[in-house]
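[1] Got a predicted structure plus its sequence, pasted below:
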Amino acid sequence: MAACEVCGNEYDKAFTVTMTGQTHTFDSFECAAHALAPACAHCGCRVIGHGVEDGDVVYCCAHCAKIAGPTELRDRV
């Protein structure tokens with residue numbers, strides 16, 4: 001059994017994710033998202049979907065981007 005790097009739970013169905021050359025072990029998608037998903041630069045929520053980007057800055061939606069400054073970003077349709 002492997003231990004989740006976020007919560008420490010040892011789980012027989014743990015899985016690994018390789019991202020940017022590093023391998024991570026998790027017991028759930030929730031822990032994986034907590035560790036690896038980018039955070040919105042305005043509200044701080046984890047961006048699990050597409051989100052919007054302004055250069056290297058990630059927002060969960062165009063509304064958060066507009067509040068933070070970039071007004072030209074649009075949600076994907």
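    Cool, the structure landed.
[2] Please state the offset of stretch 61-77 from the chain centre?
    Distance of stretch 61-77 from its chain centroid, counting by C-alpha atoms, centre = their mean, to the nearest Å, is 18 Å.
[3] So which residues of the chain form helices?
    Here the chain has its helices, by DSSP state H, at 29-36, 62-68.
[4] residues in contact with the residue nearest to Arg46 when sequence neighbours are not counted?
    Of all residues not flanking Arg46 in the chain, Ala37 sits nearest, at 4.2 Å (C-beta to C-beta, 6 or more residues apart in numbering). For glycine as for every other residue, the C-beta is placed from the backbone atoms N, C-alpha and C. Shown in contact with Ala37 (C-beta atoms under 8 Å, 6 or more residues apart in numbering): Arg46, Val47, Ile48.
[5] go again using 10 Å as the cut-off
    Ala37 sits next to Cys45, Arg46, Val47, Ile48, Gly49, Gly51, Val58 when contact means C-beta atoms under 10 Å, 6 or more residues apart in numbering.
[6] Tell me both backbone torsions, phi and psi, for the residue nearest the centre of the chain.
    In the chain, the residue lying closest to the centroid (C-alpha atoms, centre = their mean) is Ala37, at 1.2 Å. Backbone torsions of Ala37, given as degrees, to the nearest 10, read phi -70, psi 140.
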